[in-house]
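Visitor: Fold the following and give me the result.
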Amino acid sequence: MKALDIVRKFYPNVTTVVDAAKSLNIHVTKEDVAASDKKDHSGCAVAKACLRLKPVDGAIVSISTAYLIKGRRAVRYKVPQAIAREIISFDRAAKFEPGEYILNAPSLYQKLGAAAATGSNNRKGGGSVGGFHHVSNGIRKSLATTR
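Guide: Residues are numbered from 1 along each chain as shown. Purely as a prediction, here's the structure:
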């Protein structure tokens, strides 16, 4: 699903999505956690902390991607593992550790429109790798499947 389609589910007036040029420091407070809603992309502690940044009109946060809305423009960030673990903890048990966190600017290969990484592998016969795929339950839905 395209990034603009995802953002428009939450903010229909957004017309553009761009990748962040640099990482962003955010401070999640106890008040952000107390005012947060479990499994809510726009109402979680990280989104609440982002809303204190000026000028930010809205925020959408998943366990892998965050969008900060400014007018008709959304700026896309990658969510690091430290925040992803806190989001999972919060969505399951309403526990999020307040503190300093960083939303990362997407790397060269994570940017919107970047070609998928290809490379050789050592498997014979081609095809996909079989095996177990774990799906985490009790946390917010993927942005691609919400609403």
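Visitor: Need the pLDDT of the residue most central in space within the chain.
Guide: Taking C-alpha atoms, centre = their mean, the centroid of the chain lies closest to residue 65, which sits 2.2 Å from it. pLDDT recorded at residue 65 is 96.
Visitor: so who does it touch?
Guide: Contacts of residue 65 were listed using C-beta atoms under 8 Å, 6 or more residues apart in numbering, and they are 76, 77, 78, 79, 143. C-beta: built from backbone N, CA, C; applies to glycine.
Visitor: Looking at the residues you listed, which are in strands?
Guide: Among the contacts of residue 65, the residues falling in strands (DSSP state E) are 76, 77, 78.
Visitor: For the residue nearest to the centre of the chain, what are phi and psi?
Guide: Backbone torsions of residue 65, given as degrees, to the nearest 10, read phi -140, psi 150.
Visitor: Okay, it and residue 106: tell me how far apart.
Guide: Separation of residue 65 from residue 106 (C-beta to C-beta, to the nearest Å): 9 Å.
Visitor: which residues do the two both contact?
Guide: What both residue 65 and residue 106 touch, as defined by C-beta under 8 Å, 6+ apart, is the set 76, 77, 78.
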